[in-house]
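Participant: give me the fold of what follows.
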Amino acid sequence: MIYRSKAPLRIGLAGGGTDVSPYSDLYGGAILNATLSLYANATIEPLAENKIILEAIDRNEELQFEWQNSLPVNGKLDLLKGVYNRIQKDYGIKEQGFRLSTYVDAPAGSGLGTSSTLVVAIVGAFAEMLRLPLGEYDMAHYAYEIERKDLNLAGGKQDQYAATFGGVNFMEFYANDKVIVNPLRVNQQHLFELENNLLLYYTATSRDSAEIIKKQSRNVTDKKEQSIEAMHQLKQQAQMMKEALLKGRLNEIGEILDFGFQQKRKMAEGISNPKMEEIYETARKAGATGGKISGAGGGGFMIFYCPGNTKYKVIKSLENFGGQVRNYQFVEHGLKTWTI
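Facilitator: From the prediction side, this is the model:
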């Protein structure tokens, strides 16, 4: 038997950063996101020999261990190790060798939730193998605990829930890790138009999202008014985006994105930089009505709303920056697992 899983990456359309503690604990957060046809994939293949082999195919990394109940977390393939260690601790895996292989359709640190989505996919593969009775909320929270608490990696909560549930969701975040996922019934034609007009652009840089997120969290703890007010405005942006999508007011999307772009820069140092500012302004001059830096900021993917047929001019205008446009479709499904 071979056990497989795939979980979709996401773009955050509004409210980004308000899912991060302590802001979400103190004030409540809100985010609107949508999953894409880019995936984190995981496969578990039992082996005859009593070894554990971990393999990140996209990163050309492989580690081998003799069978053991806990693998050393030391900076090498820690997401894979972290999931194995927690599953072994909570559910027990019989002593039989296996190969865990992963592949992600976007680079680490690119702002599409790659790390958290990968954790969800790995949890999904183990759940398929062990027939674990985990519902969607259980799966997402379990992945969140492994990444944020077991491995102590800084970040928010939206990515695990987006990857598990899939689709277009308005998410609310509260104290004590309470999360409410509200799936949005967006008119199919409106979704097609959003997909047509929303340009996904990789800046050909990656960043350490954890450091940016730590600064953002410190700003809330230190009661820095500008940062907290920016997060309040981003939470309001999520409400604005929800209403525009549900009512089909797509002509407002660019302006709502631009509003969020102006606010997000105030949350923490390092979210934007001169190159990203230049890319943003170039896209605007070519016809984009707004855009955003995906994820924590500092690099990775940017998105631009290009009404009419302006996306072709925007693509042309960005050629000199050395990045690339990525094709995608929105997908309705979240984590999928199967056995072959």
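Participant: name the residues of the strand of greatest length in the chain that come out as buried.
Facilitator: Among the segments of the chain that qualify as a strand by DSSP state E, the longest is strand 29-46. By 16 or more other C-beta atoms under 10 Å, the buried positions in strand 29-46 come out as 29-36, 38-44. Every C-beta, even on glycine, is put in place using the N, C-alpha and C of the backbone.
Participant: tell me what it is packed against?
Facilitator: The contact analysis (3 or more C-beta pairs under 8 Å, 6 or more residues apart in numbering; DSSP states H and E) places strand 29-46 against strand 3-14, strand 98-104, helix 114-130, helix 158-165, strand 168-173, helix 225-246.
Participant: mind giving me the packing neighbours of the next helix or strand after the third one?
Facilitator: Under the assignment DSSP states H and E, the closest C-terminal helix or strand after helix 114-130 is helix 136-144. Packing contacts for helix 136-144, counted by 3+ C-beta pairs under 8 Å, 6+ apart, involve helix 114-130, helix 158-165, strand 179-183.
Participant: quick check: angle from the helix or strand just after the last one to strand 3-14?
Facilitator: Using DSSP H and E, the helix or strand that directly follows strand 179-183 along the chain is helix 188-197. On the basis of axes from the mean of the first three to the mean of the last three C-alpha atoms, to 10 degrees, helix 188-197 is oriented at 80 degrees to strand 3-14.
Participant: now do helix 188-197: distance to the chain's middle.
Facilitator: Relative to the centre of its chain, helix 188-197 is centred 21 Å away, using C-alpha atoms, centre = their mean, to the nearest Å.
Participant: so which bits of it are buried?
Facilitator: Buried-residue list, helix 188-197, by 16+ other C-beta under 10 Å: 190-191, 194, 197.
Participant: same check, this time on stretch 112-132
Facilitator: Taking 16+ other C-beta under 10 Å as the criterion, stretch 112-132 shows 112-130, 132 as buried.
Participant: kindly export it (C-alpha atoms) in PDB.
Facilitator: Provided in PDB are the C-alpha atoms of stretch 112-132 (Å, rounded to 0.1, in the frame of the first residue of the first chain):
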ATOM      1  CA  LEU A 112       1.400  31.100  -0.200                       C
ATOM      2  CA  GLY A 113       1.400  29.200   3.100                       C
ATOM      3  CA  THR A 114       3.800  26.500   1.900                       C
ATOM      4  CA  SER A 115       5.100  25.400   5.300                       C
ATOM      5  CA  SER A 116       1.700  25.000   7.000                       C
ATOM      6  CA  THR A 117       0.100  23.400   3.900                       C
ATOM      7  CA  LEU A 118       2.900  20.900   3.900                       C
ATOM      8  CA  VAL A 119       2.300  20.000   7.500                       C
ATOM      9  CA  VAL A 120      -1.400  19.500   6.700                       C
ATOM     10  CA  ALA A 121      -0.500  17.300   3.800                       C
ATOM     11  CA  ILE A 122       1.900  15.200   5.900                       C
ATOM     12  CA  VAL A 123      -0.700  14.800   8.700                       C
ATOM     13  CA  GLY A 124      -3.200  13.800   6.000                       C
ATOM     14  CA  ALA A 125      -0.900  11.000   4.700                       C
ATOM     15  CA  PHE A 126      -0.400   9.600   8.200                       C
ATOM     16  CA  ALA A 127      -4.100   9.900   8.900                       C
ATOM     17  CA  GLU A 128      -4.800   7.900   5.800                       C
ATOM     18  CA  MET A 129      -2.300   5.300   6.700                       C
ATOM     19  CA  LEU A 130      -3.500   4.900  10.300                       C
ATOM     20  CA  ARG A 131      -7.200   5.600   9.500                       C
ATOM     21  CA  LEU A 132      -7.300   8.400  12.100                       C
END
